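Novice: After the sequence you'll find the predicted model.
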Amino acid sequence: MTGDGLDLHFLGTGGGRHVMTSQMRRTAGIRLVHDDTHVHIDPGPGALVFSNWAQLSPRKLNALIVTHCHPDHYSDAEVFVEAMTNGTHTKRGLLAATTSVLEGAEGIGPSISDYHKGLVRDLLTLERGTKFSVNDLDFTANEARHSDPNSVGLRVETPYGSIGYTSDTGYFEGVSEQYLGNRLLILCTVWPRSNPINIHLNTDDALRILEEAKPKACILTHFGVRMLRAGPEGEAAYLQEKTGIPVVAARDGMKAHISDVITLQGPRKTDEPMIIDA
Ligand SMILES: [Zn+2]
Ligand SMILES: [Zn+2]
């Protein structure tokens with residue numbers, strides 16, 4: 001592999017309504033940056049503020065992706081559309097989101113107005129199997145089973161290998177196949193071990209997916225209150241010990257730089273860079 005690599009900024013690592021409303025962890029989503037290409041995934045509450053704090057202005061966005069119609073994933077989407085379109089003056093950018101987000105479905109949504117949908121250059125409805133590209137990043141929407149029936153996960157083929165992002169989903173037969181071959185798999189692991197939950201992943205579900213999908217490395221994120229009380233770092237260490245796959249719990253402001261190796265950089269100046277695959 002050559003070039004300068006690709007960055008994933010974990011602007012928020014919280015999930016679920018209690019963490020979202022208390023901001024025990026931020027809920028600002030993930031910014032993917034490759035050269036001049038910026039894609040923001042799931043801009044929940046705080047996305048506008050913490051993007052700008054991180055000097056990742058939403059004006060730089062080429063694409064905005066909303067994986068389902070829950071506010072920890074969509075709340076700042078309209079503001080981001082206004083930023084991406086140069087304050088509504090330039091018809092530019094891609095907005096890719098589920099039917100629930102764009103049109104409403106089964107009593108939820110829509111969460112983005114017709115006015116905002118009309119501002120972007122490209123509007124795409126995401127359903128299982130939808131493929132689209134943003135410059136040289138090739139996305140596929142994966143099946144997710146969650147309380148929003150339209151929910152999707154994502155798989156991104158990049159010049160540095162493929163990245164998976166489950167978004168919110170319960171475990172189901174076949175979930176892992178969609179993430180086979182991933183260099184990095186991001187698991188939205190809301191609850192810790194021994195806390196069964198249908199519409200989200202807990203650490204036990206994460207273990208099954210890791211054993212089945214066998215990514216080269218894994219980052220846990222989207223933590224709920226129970227997970228934060230149990231300690232995401234301990235859950236990550238457990239998964240790493242069980243699977244032999246490097247597993248790290250994301251922190252707010254952490255950056256994963258993906259090139260010949262994957263290097264994690266914490267948000268503090270004193271944080272030492274950590275390489276999680278060679
Ligand atoms: Zn969520
Ligand atoms: Zn959700």
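Specialist: Looks like it came in fine. Ligands and ions are numbered 1, 2, ... in the order given.
Novice: what are the ranges of the strands in the stretch 101-250 of the chain?
Specialist: For the stretch 101-250 of the chain, applying DSSP state E, counting those that start in this stretch gives strands covering 122-126, 131-134, 137-143, 152-158, 161-165, 184-191, 201-202, 217-221, 247-249.
Novice: Just give me how far the second one sits from the chain centre.
Specialist: To tie it back to what came earlier, the one meant is strand 131-134. The chain centroid and the centroid of strand 131-134 are separated by 16 Å under Cα atoms, centre = their mean, to the nearest Å.
Novice: Mind listing what's buried along it?
Specialist: 132, 134 (16 or more other Cβ atoms under 10 Å). In short, each C-beta sits where N, CA and C put it, glycine included.
Novice: If residue 94 is in a bridge, with which residues?
Specialist: Counting by DSSP bridges, residue 94 forms beta bridges with residue 63, residue 122.
Novice: Could you pull up the contacting residues of it?
Specialist: Shown in contact with residue 94 (Cβ atoms under 8 Å, 6 or more residues apart in numbering): 62-64, 120-124, 132, 134.
Novice: Which residue ranges of the stretch 151-278 of the chain form helices?
Specialist: With DSSP state H, counting those that start in this stretch, the ranges of helices along the stretch 151-278 of the chain come out as 203-213, 225-230, 232-243.
Novice: closest one to ligand 1 among these?
Specialist: Of all the helices of the stretch 151-278 of the chain, helix 225-230 sits nearest to ligand 1, with 12.2 Å by Cβ to the ion.
Novice: Just list what that closest one packs against, helices and strands only.
Specialist: When contacts are defined as 3 or more Cβ pairs under 8 Å, 6 or more residues apart in numbering; DSSP states H and E, helix 225-230 sits against helix 17-22, strand 184-191.
Novice: Mind listing what's buried along the shortest one?
Specialist: Spelled out, it's helix 17-22. Buried-residue list, helix 17-22, by 16+ other Cβ under 10 Å: 19-20.
Novice: what's the offset of that helix from the middle of its chain?
Specialist: With Cα atoms, centre = their mean, you get 17 Å for helix 17-22.
Novice: State the next helix or strand along the chain beyond it.
Specialist: As assigned by DSSP states H and E, the chain's next helix or strand after helix 17-22 is strand 30-34.
Novice: other SSEs contacting that following strand?
Specialist: Identification of packing neighbours for strand 30-34 by 3+ Cβ pairs under 8 Å, 6+ apart yields strand 6-10, strand 37-41.
Novice: For it, which strands pair with it and how are they oriented?
Specialist: Strand 30-34 is paired, per DSSP bridges, with strand 6-10 (antiparallel), strand 37-41 (antiparallel).
Novice: what bits of the stretch 101-250 of the chain have low per-residue confidence?
Specialist: Residues of the stretch 101-250 of the chain that meet the criterion pLDDT under 70 are absent altogether.
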